[in-house]
Each structure stands twice: as structure tokens, then as C-alpha cells.
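**Student:** Just to be clear, the model below is a prediction. Sequence and coordinates:
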Amino acid sequence: MAVPRATAPGAVAVPGWTAAGSVSVPGVTATGSAAVSGPTATGSAAVSRSAAVMGSGGSSAAVGAGPVASRSAATGLAPGRRSAATGSVAVPGSAVRPTLAVVGATGVVGAVMLQILSQHADIWGEIRLVASPRSVGRKLTVRGEEVEVVALSEEVFDGVDVAMFDVPDEIAERWAPIAAAKGAVVIDNSGVFRMDRDVPLVVPEVNPHAIRQRPRGIIANPHCTTLSMIVALGALHAEYGLRELVVSTYQAVSGAGRAGVDTLRRQLSLVAGTELGTSPGDVRRAVGEGTGPFSEPVALNVVPWAGSARADGWSSDEMQLRDESRKILGLSALPMAVTCVRVPVVTVHALTVHARFQGEVTVAGAREIIATAPGVVLFDNPEAGEFPTPVDVVGTDPTWVGRVRRALDDPTALELFVCGDNLRKGAALNTVQIAELVAAERA
């Protein structure tokens, strides 16, 4: 079944995706041609796990080949309209390249930002690396050059065009308005501004047009769990019109920062090579009080809680996913139920999604939409044991989608399994993509 396509005038290019539409996995060199699985329902081919090669950081990264690796650029259109790819962001005819500040450069996400800036097309002039006073004088590498870290201050934003923030909420709340007042466009990865009516919440593949209305000079980056899901859902919504969502998340411990990763690794060292996990309380006794940022042991366990407490038994992560999805998609009254679960995975969030649409859907049509959406890889051949898992998705940029099925009892609903690297697209990559859109706008 062919899915109709429409090309929107004035389409916005999506950073990080090539003009030809191929999946861009920066820093990865294919050691051979990518393998593909058998034909899909639409006659295209899904990427196989054997298409993964080792990137420079040691993570497996997908190298798309064949029709499913083709991408088109979405522009946040109303349901029923989608657009064609126009290529990567460039800064044409710009004699003076914009100055970029990376605030929080020494953190986990900051390090990934620097990696991505080094892998993407170099559109920036000076890049200033900013952190807390204890990091001043450290030298970090970006674009192949060592740059010295400077302390966060008002003066650091003099002459800065774009500032990317990845800092705790209280720091962002104080310093993002200061940077904006100094003339920088701020892209903030904290939770402070996401639901502010005067701050757009942007995913370049879904609603890039939203960056144009930023009265406070600040653009918010969504939560990592939202970003792991919303690119694929945005493409389906553009075609079918979303009317309800039921989501369960399986969130990696790195979503809780370095403390989360350290806690999991420490707990794993305590339970490895034992028979623990076979009687009530044995894992809890082994790890003792060392649950770190989690309320329960996470090794050999799943914890049905992420975030802090909200009204009526909901968690902050559950409410964020609901509220942010509504804002990004422009569906303020979208019925949505979320359960967030923490799992013993280092990096990559996974989600099961039950999505209901305005009319009847088909698996063939959904697969075609997913396969041609920007920033999405369709990896869906369960009979061959091929579907997304965190160990394959980690270190890659796209959202990976598998287990595409029509609901057994509702012809308007789809069931999906989605994975996304919560440090790359879930944080650093989306921030860099927004910054590149702003840079292109200012050219």
C-alpha cells in the first residue's frame, strides 16, 4: 500500500540527515555493505542487525542500506501531509560564523555534545566550553582541537550567538535568561522551561517551525524519554492523526546521570557469579543501602518508578512524557496514559506504544511511514529474531522501531516497540540539531 506524499513549500531541513536522505551515523565507517532482511509488507527492506558496525567509541551503530534507509524530512505538518527531504543544515554565505557556547561541557551529555559537534559539518566559529568553577582550566577536545574550560559568568556570553545548556534545573533557571539577555539564543536541556508558554519545545523532525516563536530567547529540549518516542509518533500523526496513547517505558539508568550508571555497575559487581535473585529479599540484602538515585535495587530487577512524586500516584517522568508529547504534537487534550519503569540497562530507553488514530490504519501503511520518516529506522522482522534492543541501538542517532502490529481489537490502533539512545537523540543530538537550525536562520 502506497502512502501519499506531499511536499510542503518552505520545508525546513533536518540537521543530521543527508540531502540524499540516507541515515547519517557520524563517526562510523562501514566495513562492508550493509545487510538487509527480507522484503517488508511494502516491498522495502528493513535494516538487519548484521548491518551494525563498530563506531569509534566502541558502540554498535546502524548503517542503513536499501529503501528503508531512505529518509524524508518532516516539517511539523497537519495530519495527512508530509514533506520531502531538503538536506542538512548549512550556513550559506556567512563570512562570520556564529559563536557557540556549551554550558555544562564537562557533564555526561556535554561530552556527547562535543562529540557530535566534532562529527557534524563545521558551521561554528568559536566554541566556548563553560562549566562550574571546579572544572576551570580543564582542556576538552572539540573539532580536533583542545579548548580550555571557562567558568560560568555573565561575561562568558559576550558575543555568543547560540548557547546550549545542559546543567541542573536551578542553574538553568538562573543563567539561561542571563544568556538570552546578552543576545544569545539559548537551547536548554533542563526541565525548567519545557512547559513555559513563551518557550517552544522543539524536535527538528517534528515541529522545526516552532523555533521561530521564542519571545524569551529560549528554546527547550524535551526530556530524553519523550525524544526516544516522539520522532516516530510525529510521522505517524502527520499521516493518520493521533487520538490516544498508552505508553510503558523501560528507562536506562543513565537517565539518572552518572550516579545511576555507577549504582548499576556497583550492584552488578555484588550479584555477579552468585545465585541471588532466587529468594525474596536476597538482592536487596546484597546491595544494602546502595540504591543510589533509585528507590529500589536495579540490578536483577525492574523498578516501576522514574522521577519524583506527583499528584494521585503519578511520577514526574510520567507527567513529563504526557505533557511534552501534547505540546510538541500540538494536541493539548490528547488522552495519554504512561507507566515509567527503570531497567538494568546502561544506555537506551525503550518503550511499548499503543497508539489510536482518527481512522483505520494498516501495517503496510505504517511501515512505509516509519521507513521514510527522518531520524527513524524500521527494524522489524520478528520471525528472524530482528527487532530493536538497547545493546544494538546504543551509540546510534535514530529512533529504532520494530514489532509493528495493528491492534487485534481496534482497526484504528497500532502497537510498536521503540528504542532510542537517551544520551544522543534523547539529549545531546536534539540540542545540537536545534542549534544548527538557529544558526541557519541567522545566516
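**Tutor:** The structure has been received and is ready for your questions. As the structure is a prediction and not an experimental result, all values here were calculated from the model.
**Student:** give me the number of residues near Q119?
**Tutor:** 20 (other C-beta atoms under 10 Å). For the C-beta atoms, the positions are set from N, CA and C on the backbone; glycine is no exception.
**Student:** how close does it sit to D380?
**Tutor:** Noted for Q119: a distance of 27 Å to D380, by C-beta to C-beta, to the nearest Å.
**Student:** C419 too?
**Tutor:** 12 Å.
**Student:** ok, these two, which is more surrounded?
**Tutor:** C419 (30 against 26).
**Student:** what's in contact with the helix or strand containing that one?
**Tutor:** Counting by DSSP states H and E, the element that carries C419 is strand 413-420. Residues outside strand 413-420 that contact it (C-beta atoms under 8 Å, 6 or more residues apart in numbering) are 227-229, 231-232, 236, 348-357, 361, 363, 366, 387-390, 393, 398-407, 426.
**Student:** Same question for stretch 148-163.
**Tutor:** Contact with stretch 148-163 is made by 98-103, 105-106, 128-133, 135-140, 171, 175-176, 178-179, 182-187, 435, 438-439, 442, as judged by C-beta under 8 Å, 6+ apart.
**Student:** Kindly check the end-to-end length of that stretch for me.
**Tutor:** 17 Å (C-alpha to C-alpha, to the nearest Å).
**Student:** Select the longest helix from the protein.
**Tutor:** As assigned by DSSP state H, the longest helix anywhere in the chain is helix 224-240.
**Student:** and the next helix or strand after that one, which strands flank it?
**Tutor:** Per DSSP H and E, the first helix or strand lying C-terminal to helix 224-240 is strand 242-251. Counting by DSSP bridges, the strands paired with strand 242-251 are strand 336-342 (parallel), strand 349-357 (antiparallel).
**Student:** quick one: which of those strands is nearest E275?
**Tutor:** Closest approach to E275 among the strands paired with strand 242-251 (C-beta to C-beta): strand 336-342, 23.8 Å.
**Student:** and the angle for that closest one with helix 224-240?
**Tutor:** Strand 336-342 and helix 224-240 are oriented at 150 degrees to each other (axes from the mean of the first three to the mean of the last three C-alpha atoms, to 10 degrees).
**Student:** Tell me which residues of strand 336-342 come out buried.
**Tutor:** Buried positions in strand 336-342, judged by neighbour count with 16 or more other C-beta atoms under 10 Å: M336, V338, T339, C340, V341, R342.
**Student:** And the most far-flung residue of the chain relative to its centre, its phi and psi?
**Tutor:** Taking C-alpha atoms, centre = their mean, the residue of the chain most remote from its mean C-alpha position is S279, at 37.6 Å. As for S279, its main-chain torsions (degrees, to the nearest 10) stand at phi -150, psi 150.
**Student:** What separation is there between it and R285?
**Tutor:** To R285, S279 is 10 Å away according to C-beta to C-beta.
**Student:** Report the angle between the helix or strand where A259 lies and strand 242-251.
**Tutor:** According to DSSP H and E, A259 maps onto helix 258-271. Going by the same axes, to 10 degrees, helix 258-271 is angled at 50 degrees with respect to strand 242-251.
**Student:** can you count the residues close to R212?
**Tutor:** Residues within reach of R212, counting by other C-beta under 10 Å, total 10.
**Student:** Thanks a lot, catch you later.
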